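Asks: need a structure here:
(one chain, ligands or ions: 1)
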Amino acid sequence: MKLTNYYVLFASILLLSSCNQKKEEVKITSLKDSYKDDFYIGTALSEDQIEEKDVKVDSLIKKEFNAITAENIMKSMFVHPSPDKYDFALTDKFIAYGEKNKMFIHGHTLIWHSQLAPWMEKIKDSVQMKAFMKDHITTIVSKYKGRIDSWDVVNEALNEDGTLRKSVFLNTMGERYLADAFKLAAAADPKVDLYYNDYNIEEPAKRKGAIDLIKKIQAAGGKIDGVGIQGHWRLASPSLEEIEQSIVEYSSLGLKVAITEFDITVLPNPWDLKGADVNQNFEGNAKMNPYPEKLPDSVQVKLAERYASIFKIFIKHKDKISRVTFWGVHDKQSWLNDWPIKGRTNYPLLFDTQLQHKKAYNSVMQLKEAKK
Ligand code: G3I
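Replies: Numbers count the residues shown, from 1 in each chain. So this is what the prediction gives:
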(Lines give C-alpha, C1' and ligand atoms only; values in the text may rest on other atoms or scores of the structure.)
Protein backbone atom coordinates (compact mmCIF):
# COMPACT_ATOMS: atom_id res chain seq x y z
CA MET A 1 0.00 0.00 0.00
CA LYS A 2 1.23 3.45 -0.94
CA LEU A 3 2.07 5.88 1.82
CA THR A 4 -0.78 8.23 0.75
CA ASN A 5 -3.27 5.35 1.05
CA TYR A 6 -2.06 4.75 4.60
CA TYR A 7 -2.73 8.41 5.34
CA VAL A 8 -6.28 8.14 3.91
CA LEU A 9 -6.96 4.97 5.93
CA PHE A 10 -5.60 6.52 9.11
CA ALA A 11 -7.66 9.71 8.60
CA SER A 12 -10.83 7.65 7.97
CA ILE A 13 -10.30 5.65 11.17
CA LEU A 14 -9.86 8.89 13.12
CA LEU A 15 -13.00 10.38 11.57
CA LEU A 16 -15.07 7.27 12.29
CA SER A 17 -13.97 7.07 15.90
CA SER A 18 -14.71 10.75 16.47
CA CYS A 19 -18.21 10.21 14.97
CA ASN A 20 -18.80 7.31 17.35
CA GLN A 21 -17.61 9.39 20.25
CA LYS A 22 -20.03 12.11 19.26
CA LYS A 23 -22.84 9.55 19.09
CA GLU A 24 -22.01 8.41 22.63
CA GLU A 25 -21.91 11.99 23.79
CA VAL A 26 -25.42 12.67 22.49
CA LYS A 27 -27.28 11.86 25.67
CA ILE A 28 -31.01 11.62 25.84
CA THR A 29 -31.94 14.92 27.35
CA SER A 30 -35.68 14.95 27.79
CA LEU A 31 -38.32 13.04 29.66
CA LYS A 32 -40.39 12.35 26.57
CA ASP A 33 -37.42 10.93 24.65
CA SER A 34 -36.20 8.85 27.56
CA TYR A 35 -39.61 7.28 28.03
CA LYS A 36 -40.68 7.16 24.37
CA ASP A 37 -40.80 3.35 24.30
CA ASP A 38 -42.74 3.14 27.57
CA PHE A 39 -45.57 5.66 27.79
CA TYR A 40 -46.44 9.28 27.06
CA ILE A 41 -45.04 11.86 29.46
CA GLY A 42 -47.60 14.61 29.88
CA THR A 43 -48.18 17.87 31.66
CA ALA A 44 -51.17 19.98 32.62
CA LEU A 45 -51.20 23.39 30.93
CA SER A 46 -52.46 26.62 32.48
CA GLU A 47 -54.24 29.24 30.41
CA ASP A 48 -51.02 31.27 30.02
CA GLN A 49 -49.11 28.21 28.88
CA ILE A 50 -51.74 27.40 26.26
CA GLU A 51 -51.33 30.96 25.02
CA GLU A 52 -47.52 30.57 24.94
CA LYS A 53 -47.05 33.70 27.04
CA ASP A 54 -43.64 32.77 28.46
CA VAL A 55 -41.07 31.73 25.87
CA LYS A 56 -38.85 29.85 28.34
CA VAL A 57 -41.72 27.84 29.80
CA ASP A 58 -42.98 27.14 26.31
CA SER A 59 -39.70 25.73 25.09
CA LEU A 60 -39.44 23.58 28.23
CA ILE A 61 -42.91 22.14 27.59
CA LYS A 62 -42.08 21.33 23.97
CA LYS A 63 -38.75 19.81 24.90
CA GLU A 64 -39.88 17.58 27.78
CA PHE A 65 -43.50 16.55 27.20
CA ASN A 66 -45.45 14.77 24.48
CA ALA A 67 -48.92 14.80 26.03
CA ILE A 68 -51.08 17.65 27.33
CA THR A 69 -54.13 18.13 29.53
CA ALA A 70 -55.79 21.48 30.17
CA GLU A 71 -55.54 22.16 33.91
CA ASN A 72 -58.78 24.18 34.00
CA ILE A 73 -60.09 25.62 30.76
CA MET A 74 -62.04 22.57 29.54
CA LYS A 75 -64.07 22.27 32.73
CA SER A 76 -67.80 22.80 32.36
CA MET A 77 -67.97 26.24 34.03
CA PHE A 78 -65.59 27.60 31.39
CA VAL A 79 -66.79 25.85 28.21
CA HIS A 80 -70.52 25.83 28.97
CA PRO A 81 -71.21 28.94 31.06
CA SER A 82 -74.95 29.12 30.34
CA PRO A 83 -77.47 26.63 28.93
CA ASP A 84 -77.30 27.91 25.37
CA LYS A 85 -73.77 29.16 25.33
CA TYR A 86 -70.50 27.32 24.75
CA ASP A 87 -67.16 29.10 24.79
CA PHE A 88 -64.51 27.24 22.86
CA ALA A 89 -62.04 30.09 22.36
CA LEU A 90 -59.42 28.65 24.73
CA THR A 91 -60.14 24.99 24.06
CA ASP A 92 -59.55 25.63 20.35
CA LYS A 93 -56.16 27.12 21.22
CA PHE A 94 -55.35 24.16 23.45
CA ILE A 95 -56.13 21.65 20.67
CA ALA A 96 -54.18 23.72 18.14
CA TYR A 97 -51.19 23.77 20.52
CA GLY A 98 -51.25 19.98 20.80
CA GLU A 99 -51.65 19.46 17.07
CA LYS A 100 -48.92 21.94 16.17
CA ASN A 101 -46.51 20.13 18.49
CA LYS A 102 -47.70 16.61 17.61
CA MET A 103 -48.68 15.89 21.19
CA PHE A 104 -51.17 13.41 22.63
CA ILE A 105 -54.22 15.48 23.62
CA HIS A 106 -56.31 14.54 26.64
CA GLY A 107 -59.70 16.10 27.42
CA HIS A 108 -60.39 16.99 31.06
CA THR A 109 -63.26 16.70 31.91
CA LEU A 110 -66.91 16.12 30.89
CA ILE A 111 -68.91 15.13 33.96
CA TRP A 112 -67.54 16.49 37.26
CA HIS A 113 -69.40 17.82 40.29
CA SER A 114 -66.81 20.56 40.81
CA GLN A 115 -66.16 23.70 38.76
CA LEU A 116 -69.71 23.46 37.40
CA ALA A 117 -71.39 26.56 36.03
CA PRO A 118 -73.92 27.82 38.61
CA TRP A 119 -76.86 27.03 36.28
CA MET A 120 -75.85 23.36 36.23
CA GLU A 121 -76.13 23.11 39.99
CA LYS A 122 -79.78 24.10 39.73
CA ILE A 123 -80.73 21.10 37.60
CA LYS A 124 -83.43 19.41 39.64
CA ASP A 125 -84.66 16.23 37.97
CA SER A 126 -83.64 13.35 35.77
CA VAL A 127 -85.36 14.72 32.65
CA GLN A 128 -83.37 17.96 32.82
CA MET A 129 -80.15 16.17 33.74
CA LYS A 130 -80.47 13.68 30.87
CA ALA A 131 -81.02 16.55 28.46
CA PHE A 132 -78.03 18.45 29.91
CA MET A 133 -75.71 15.45 29.66
CA LYS A 134 -76.77 14.66 26.11
CA ASP A 135 -76.23 18.23 24.93
CA HIS A 136 -73.02 18.82 26.91
CA ILE A 137 -71.22 15.58 26.05
CA THR A 138 -72.41 15.36 22.44
CA THR A 139 -71.56 18.98 21.63
CA ILE A 140 -68.06 18.92 23.11
CA VAL A 141 -66.96 15.44 22.08
CA SER A 142 -68.32 15.82 18.52
CA LYS A 143 -66.62 19.18 18.11
CA TYR A 144 -63.21 17.64 18.71
CA LYS A 145 -63.93 14.22 17.19
CA GLY A 146 -60.73 12.69 15.86
CA ARG A 147 -58.63 15.51 17.36
CA ILE A 148 -58.73 14.64 21.06
CA ASP A 149 -57.08 11.29 21.85
CA SER A 150 -58.74 10.51 25.18
CA TRP A 151 -61.35 11.96 27.53
CA ASP A 152 -62.00 11.94 31.26
CA VAL A 153 -65.69 11.20 30.84
CA VAL A 154 -66.51 11.06 34.54
CA ASN A 155 -64.29 12.61 37.19
CA GLU A 156 -64.26 11.91 40.94
CA ALA A 157 -67.61 10.14 41.34
CA LEU A 158 -66.54 8.31 44.51
CA ASN A 159 -66.31 9.01 48.23
CA GLU A 160 -63.26 7.84 50.17
CA ASP A 161 -65.07 4.72 51.41
CA GLY A 162 -65.84 3.67 47.85
CA THR A 163 -69.53 4.64 47.87
CA LEU A 164 -70.91 6.94 45.19
CA ARG A 165 -70.59 10.66 45.83
CA LYS A 166 -73.94 12.41 46.26
CA SER A 167 -73.37 14.79 43.36
CA VAL A 168 -76.00 16.64 41.37
CA PHE A 169 -75.69 13.84 38.80
CA LEU A 170 -76.35 11.00 41.25
CA ASN A 171 -79.07 12.94 43.04
CA THR A 172 -81.05 13.55 39.87
CA MET A 173 -80.43 10.43 37.78
CA GLY A 174 -79.23 7.74 40.14
CA GLU A 175 -76.20 5.63 39.22
CA ARG A 176 -77.28 5.17 35.60
CA TYR A 177 -75.69 8.56 34.88
CA LEU A 178 -72.32 6.83 34.86
CA ALA A 179 -73.01 4.38 32.02
CA ASP A 180 -75.07 7.00 30.18
CA ALA A 181 -72.13 9.41 30.16
CA PHE A 182 -69.83 6.81 28.63
CA LYS A 183 -72.45 5.79 26.05
CA LEU A 184 -72.99 9.40 24.99
CA ALA A 185 -69.26 10.01 24.64
CA ALA A 186 -68.76 6.83 22.60
CA ALA A 187 -71.67 7.75 20.33
CA ALA A 188 -70.14 11.17 19.67
CA ASP A 189 -66.66 9.79 18.90
CA PRO A 190 -66.50 6.00 18.69
CA LYS A 191 -62.70 5.93 18.37
CA VAL A 192 -61.63 8.18 21.26
CA ASP A 193 -60.40 6.49 24.46
CA LEU A 194 -62.77 7.01 27.39
CA TYR A 195 -61.52 7.15 30.99
CA TYR A 196 -62.86 7.18 34.52
CA ASN A 197 -60.56 9.52 36.53
CA ASP A 198 -60.25 9.87 40.32
CA TYR A 199 -57.86 10.49 43.23
CA ASN A 200 -56.94 8.05 46.01
CA ILE A 201 -58.26 5.12 43.96
CA GLU A 202 -55.07 3.23 44.77
CA GLU A 203 -56.27 3.02 48.39
CA PRO A 204 -58.09 -0.27 49.08
CA ALA A 205 -61.65 0.88 49.94
CA LYS A 206 -61.86 3.47 47.20
CA ARG A 207 -60.15 1.10 44.75
CA LYS A 208 -62.84 -1.48 45.40
CA GLY A 209 -65.45 1.20 44.79
CA ALA A 210 -63.76 2.17 41.51
CA ILE A 211 -63.60 -1.43 40.34
CA ASP A 212 -67.32 -1.91 41.12
CA LEU A 213 -68.14 1.33 39.30
CA ILE A 214 -66.14 0.28 36.22
CA LYS A 215 -67.75 -3.18 36.17
CA LYS A 216 -71.21 -1.59 36.36
CA ILE A 217 -70.42 0.67 33.40
CA GLN A 218 -69.16 -2.33 31.45
CA ALA A 219 -72.20 -4.46 32.40
CA ALA A 220 -74.56 -1.69 31.30
CA GLY A 221 -72.91 -1.64 27.86
CA GLY A 222 -70.84 1.51 28.33
CA LYS A 223 -67.54 1.71 26.46
CA ILE A 224 -64.76 2.41 28.96
CA ASP A 225 -61.15 2.14 27.83
CA GLY A 226 -59.13 3.32 30.77
CA VAL A 227 -58.81 4.41 34.33
CA GLY A 228 -56.98 7.53 35.44
CA ILE A 229 -55.23 7.24 38.77
CA GLN A 230 -54.66 10.92 39.51
CA GLY A 231 -51.51 10.41 41.60
CA HIS A 232 -51.70 13.37 43.99
CA TRP A 233 -49.32 11.64 46.37
CA ARG A 234 -47.16 12.28 49.41
CA LEU A 235 -43.57 11.44 50.38
CA ALA A 236 -44.61 8.55 52.63
CA SER A 237 -47.92 7.44 51.20
CA PRO A 238 -49.52 5.68 49.44
CA SER A 239 -47.33 2.62 49.72
CA LEU A 240 -45.53 1.29 46.66
CA GLU A 241 -47.46 -1.97 47.11
CA GLU A 242 -50.79 -0.14 46.90
CA ILE A 243 -49.70 1.66 43.75
CA GLU A 244 -48.49 -1.51 42.05
CA GLN A 245 -51.48 -3.58 43.12
CA SER A 246 -53.83 -0.93 41.75
CA ILE A 247 -52.13 -0.83 38.35
CA VAL A 248 -52.37 -4.62 38.14
CA GLU A 249 -56.01 -4.79 39.28
CA TYR A 250 -57.27 -2.04 36.96
CA SER A 251 -55.38 -3.50 34.04
CA SER A 252 -56.93 -6.91 34.69
CA LEU A 253 -60.35 -5.35 33.95
CA GLY A 254 -59.10 -4.92 30.38
CA LEU A 255 -58.40 -1.19 30.84
CA LYS A 256 -55.47 1.06 30.06
CA VAL A 257 -54.05 2.69 33.17
CA ALA A 258 -52.94 6.33 33.09
CA ILE A 259 -51.39 8.38 35.87
CA THR A 260 -53.20 11.59 35.10
CA GLU A 261 -52.33 14.31 37.63
CA PHE A 262 -49.03 13.30 39.16
CA ASP A 263 -47.37 15.39 41.87
CA ILE A 264 -45.86 14.72 45.31
CA THR A 265 -46.42 17.18 48.13
CA VAL A 266 -43.55 17.75 50.57
CA LEU A 267 -45.54 19.90 53.02
CA PRO A 268 -47.31 18.94 56.25
CA ASN A 269 -50.93 18.12 55.89
CA PRO A 270 -53.50 19.64 58.27
CA TRP A 271 -55.36 16.31 58.32
CA ASP A 272 -52.33 14.66 59.90
CA LEU A 273 -52.46 16.98 62.90
CA LYS A 274 -54.40 15.39 65.69
CA GLY A 275 -57.73 17.09 65.98
CA ALA A 276 -56.96 19.45 63.13
CA ASP A 277 -59.95 21.11 61.64
CA VAL A 278 -59.37 21.75 57.97
CA ASN A 279 -61.63 24.75 58.15
CA GLN A 280 -59.37 26.16 60.83
CA ASN A 281 -57.26 29.02 59.52
CA PHE A 282 -53.76 27.69 58.87
CA GLU A 283 -52.76 30.53 56.57
CA GLY A 284 -49.62 32.28 57.74
CA ASN A 285 -48.82 29.47 60.19
CA ALA A 286 -45.04 28.96 59.82
CA LYS A 287 -45.16 25.33 60.97
CA MET A 288 -47.44 24.53 58.06
CA ASN A 289 -45.15 26.31 55.57
CA PRO A 290 -41.69 25.12 56.61
CA TYR A 291 -39.73 25.88 53.41
CA PRO A 292 -40.84 29.33 52.20
CA GLU A 293 -37.43 30.15 50.62
CA LYS A 294 -35.78 26.90 49.64
CA LEU A 295 -36.31 23.16 49.91
CA PRO A 296 -33.59 21.70 52.16
CA ASP A 297 -31.30 19.27 50.39
CA SER A 298 -32.36 16.39 52.63
CA VAL A 299 -36.00 16.77 51.49
CA GLN A 300 -34.92 17.30 47.89
CA VAL A 301 -33.19 13.91 48.11
CA LYS A 302 -36.26 12.26 49.67
CA LEU A 303 -38.43 13.63 46.86
CA ALA A 304 -35.99 12.31 44.26
CA GLU A 305 -35.97 8.87 45.87
CA ARG A 306 -39.75 8.78 46.07
CA TYR A 307 -40.12 9.74 42.40
CA ALA A 308 -37.56 7.08 41.44
CA SER A 309 -39.28 4.31 43.42
CA ILE A 310 -42.63 5.14 41.86
CA PHE A 311 -41.26 5.41 38.32
CA LYS A 312 -39.60 2.00 38.78
CA ILE A 313 -43.10 0.57 39.22
CA PHE A 314 -44.35 2.45 36.15
CA ILE A 315 -41.48 1.06 34.07
CA LYS A 316 -42.09 -2.45 35.36
CA HIS A 317 -45.73 -2.17 34.25
CA LYS A 318 -45.21 -0.14 31.11
CA ASP A 319 -47.29 -2.66 29.14
CA LYS A 320 -50.30 -1.55 31.22
CA ILE A 321 -49.60 2.18 31.41
CA SER A 322 -50.59 4.52 28.58
CA ARG A 323 -49.48 7.87 29.98
CA VAL A 324 -47.93 9.57 33.00
CA THR A 325 -49.00 13.22 33.23
CA PHE A 326 -47.64 15.70 35.77
CA TRP A 327 -50.10 18.21 37.21
CA GLY A 328 -48.21 21.25 36.05
CA VAL A 329 -44.88 22.08 34.43
CA HIS A 330 -42.97 23.63 37.33
CA ASP A 331 -43.30 24.18 41.09
CA LYS A 332 -44.46 27.79 40.88
CA GLN A 333 -47.54 26.79 38.91
CA SER A 334 -48.66 24.00 41.21
CA TRP A 335 -52.16 24.04 42.73
CA LEU A 336 -50.47 22.62 45.85
CA ASN A 337 -49.15 26.10 46.72
CA ASP A 338 -52.76 27.00 47.53
CA TRP A 339 -54.29 23.77 48.76
CA PRO A 340 -55.25 22.71 51.35
CA ILE A 341 -53.81 25.93 52.78
CA LYS A 342 -53.48 29.09 50.71
CA GLY A 343 -50.18 30.83 50.09
CA ARG A 344 -47.65 28.12 50.92
CA THR A 345 -44.50 27.20 48.99
CA ASN A 346 -44.60 23.62 47.82
CA TYR A 347 -42.10 21.68 45.67
CA PRO A 348 -44.09 18.84 44.09
CA LEU A 349 -42.85 18.65 40.47
CA LEU A 350 -39.63 17.90 38.56
CA PHE A 351 -38.78 21.50 37.61
CA ASP A 352 -38.23 24.30 40.12
CA THR A 353 -39.50 27.87 39.98
CA GLN A 354 -36.48 28.85 37.82
CA LEU A 355 -37.38 25.99 35.43
CA GLN A 356 -34.23 24.11 36.43
CA HIS A 357 -34.12 20.31 36.76
CA LYS A 358 -34.50 19.19 40.34
CA LYS A 359 -32.81 16.12 41.78
CA ALA A 360 -36.15 14.39 41.22
CA TYR A 361 -35.84 15.01 37.47
CA ASN A 362 -32.38 13.47 37.43
CA SER A 363 -33.54 10.45 39.40
CA VAL A 364 -36.37 9.79 36.93
CA MET A 365 -33.99 10.20 33.96
CA GLN A 366 -31.30 8.02 35.51
CA LEU A 367 -33.64 5.05 35.66
CA LYS A 368 -33.60 4.96 31.87
CA GLU A 369 -29.95 5.90 31.41
CA ALA A 370 -28.83 3.09 33.72
CA LYS A 371 -30.37 0.56 31.31
CA LYS A 372 -28.22 1.62 28.32
O1 G3I B 1 -61.09 31.68 37.31
C2 G3I B 1 -60.71 32.39 38.49
C3 G3I B 1 -60.14 33.73 38.10
O4 G3I B 1 -61.14 34.51 37.48
C5 G3I B 1 -59.60 34.42 39.36
O6 G3I B 1 -58.96 35.59 38.99
C7 G3I B 1 -58.61 33.53 40.09
C8 G3I B 1 -58.13 34.14 41.38
O9 G3I B 1 -57.62 33.18 42.26
O10 G3I B 1 -59.23 32.31 40.38
C11 G3I B 1 -59.65 31.61 39.24
O12 G3I B 1 -60.19 30.38 39.58
C13 G3I B 1 -59.27 29.39 40.02
C14 G3I B 1 -59.32 28.23 39.03
O15 G3I B 1 -58.50 27.20 39.51
C16 G3I B 1 -58.84 28.62 37.63
O17 G3I B 1 -57.54 29.11 37.65
C18 G3I B 1 -59.71 28.92 41.39
O19 G3I B 1 -59.53 29.97 42.33
C20 G3I B 1 -58.91 27.72 41.82
O21 G3I B 1 -59.46 27.18 43.01
C22 G3I B 1 -58.96 26.67 40.74
O23 G3I B 1 -58.18 25.57 41.17
C24 G3I B 1 -58.13 24.44 40.32
C25 G3I B 1 -58.85 23.28 40.96
O26 G3I B 1 -58.71 22.13 40.16
C27 G3I B 1 -60.34 23.55 41.12
O28 G3I B 1 -60.96 22.46 41.72
C29 G3I B 1 -56.67 24.10 40.12
O30 G3I B 1 -56.04 25.14 39.36
C31 G3I B 1 -56.53 22.78 39.38
O32 G3I B 1 -55.19 22.37 39.40
C33 G3I B 1 -57.37 21.71 40.08
O34 G3I B 1 -57.27 20.51 39.35
C35 G3I B 1 -57.97 19.39 39.90
C36 G3I B 1 -58.39 18.52 38.73
O37 G3I B 1 -59.13 19.26 37.80
C38 G3I B 1 -59.20 17.31 39.21
N39 G3I B 1 -58.46 16.56 40.22
C40 G3I B 1 -57.96 17.34 41.34
C41 G3I B 1 -57.12 18.52 40.84
C42 G3I B 1 -56.51 19.28 41.99
O43 G3I B 1 -57.52 19.89 42.76
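
Asks: Helix or strand: which one has Tyr177?
Replies: In the assignment (DSSP states H and E), Tyr177 maps to helix 176-188.

Asks: same for that helix, what does it pack against?
Replies: In this structure, helix 176-188 packs against strand 104-112, helix 126-143, strand 150-155, helix 168-173, strand 193-198, helix 204-219, with contacts taken as 3 or more CB pairs under 8 Å, 6 or more residues apart in numbering; DSSP states H and E. For the C-beta atoms, the positions are set from N, CA and C on the backbone; glycine is no exception.

Asks: In CSV, list these along with mean neighbour count and mean pLDDT.
Replies: Shown next, in CSV, are these (neighbours: other CB atoms under 10 Å; pLDDT from 0 to 100):
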stretch, mean neighbour count, mean pLDDT
strand 104-112, 24, 98
helix 126-143, 17, 98
strand 150-155, 27, 98
helix 168-173, 20, 97
strand 193-198, 25, 98
helix 204-219, 18, 98
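
Asks: Distance to the ligand added to the ones you listed, as CSV?
Replies: Formatted as CSV, the helices and strands packed on helix 176-188 follow (distance: least, CB to the nearest ligand atom, whole Å):
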stretch, distance to the ligand
strand 104-112, 6
helix 126-143, 16
strand 150-155, 6
helix 168-173, 16
strand 193-198, 7
helix 204-219, 14
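
Asks: Nearest to Glu283 among these would be which one?
Replies: Closest approach to Glu283 among these (CB to CB): strand 104-112, 26.7 Å.

Asks: Show me the strands paired with the closest one, marking each as parallel or antiparallel.
Replies: When pairing is defined by DSSP bridges, strand 104-112 lines up against strand 67-70 (parallel), strand 150-155 (parallel).

Asks: Return the distance of the last one from the chain's centre.
Replies: In other words, strand 150-155. Chain-centre distance of strand 150-155: 12 Å, with CA atoms, centre = their mean, to the nearest Å.

Asks: angle of that strand against helix 204-219?
Replies: Counting by axes from the mean of the first three to the mean of the last three CA atoms, to 10 degrees, strand 150-155 points 110 degrees away from the direction of helix 204-219.

Asks: quick revisit: which residues touch the helix holding Tyr177?
Replies: With contact meaning CB atoms under 8 Å, 6 or more residues apart in numbering, helix 176-188 is reached by 110-111, 129-130, 133-134, 137-138, 141-142, 145, 151, 153-154, 157, 169-170, 173, 192, 194, 213, 216-217, 220-224.

Asks: cool, and stretch 249-258?
Replies: With contacts defined as CB under 8 Å, 6+ apart, stretch 249-258 is touched by 150, 193, 195, 207, 210-211, 214-215, 218, 224-229, 247, 317, 320-325.

Asks: what are the bridge partners for Leu158, then?
Replies: Counting by DSSP bridges, Leu158 forms beta bridges with Leu164.

Asks: That one against Leu164, yeah?
Replies: Yes: Leu158 is within contact range of Leu164, at 6.5 Å (criterion: CB atoms under 8 Å).

Asks: which residues do the two both contact?
Replies: 209, 213.

Asks: quick one: secondary structure of Gln49?
Replies: Recorded secondary structure, Gln49: helix (DSSP: H, G, I helix; E, B strand; the rest coil).

Asks: Excluding residues flanking it in the chain, which one is nearest Asp198?
Replies: Glu156 (5.1 Å; CB to CB, 6 or more residues apart in numbering).

Asks: Go through stretch 358-372 and flag the buried ones.
Replies: For stretch 358-372, burial by neighbour count (16 or more other CB atoms under 10 Å) applies to 358-361, 363-365, 367-368.

Asks: need these in TSV with distance to Lys294 and secondary structure, can you?
Replies: As requested, those are exported to TSV (distance: CB to CB, whole Å; DSSP: H, G, I helix; E, B strand; the rest coil):
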residue	distance to Lys294	secondary structure
Lys358	12	coil
Lys359	13	helix
Ala360	15	helix
Tyr361	17	helix
Ser363	19	helix
Val364	21	helix
Met365	23	helix
Leu367	26	helix
Lys368	28	helix
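
Asks: mind checking which helix or strand the closest residue to Asn362 other than its chain neighbours is in?
Replies: Spatial nearest neighbour of Asn362, excluding adjacent residues (CB to CB, 6+ apart): Ala304 at 6.9 Å. Using DSSP H and E, Ala304 falls within helix 297-316.

Asks: which residues are contacting that helix?
Replies: The contact list for helix 297-316 (CB under 8 Å, 6+ apart) reads 38-39, 233, 235, 240, 243-244, 247, 259, 264, 266, 291, 295, 321, 324, 347, 350, 358-360, 362-364, 366-368.

Asks: Just the residues you listed: which are in helices?
Replies: Applying DSSP state H to the contacts of helix 297-316, the entries found in helices are 240, 243-244, 247, 359-360, 362-364, 366-368.

Asks: can you list the residues you listed in TSV and add distance to the ligand?
Replies: Below are the ones in helices among the contacts of helix 297-316 laid out as TSV (distance: CB to the nearest ligand atom, whole Å):
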residue	distance to the ligand
Leu240	22
Ile243	17
Glu244	22
Ile247	19
Lys359	24
Ala360	19
Asn362	25
Ser363	24
Val364	21
Gln366	28
Leu367	26
Lys368	28
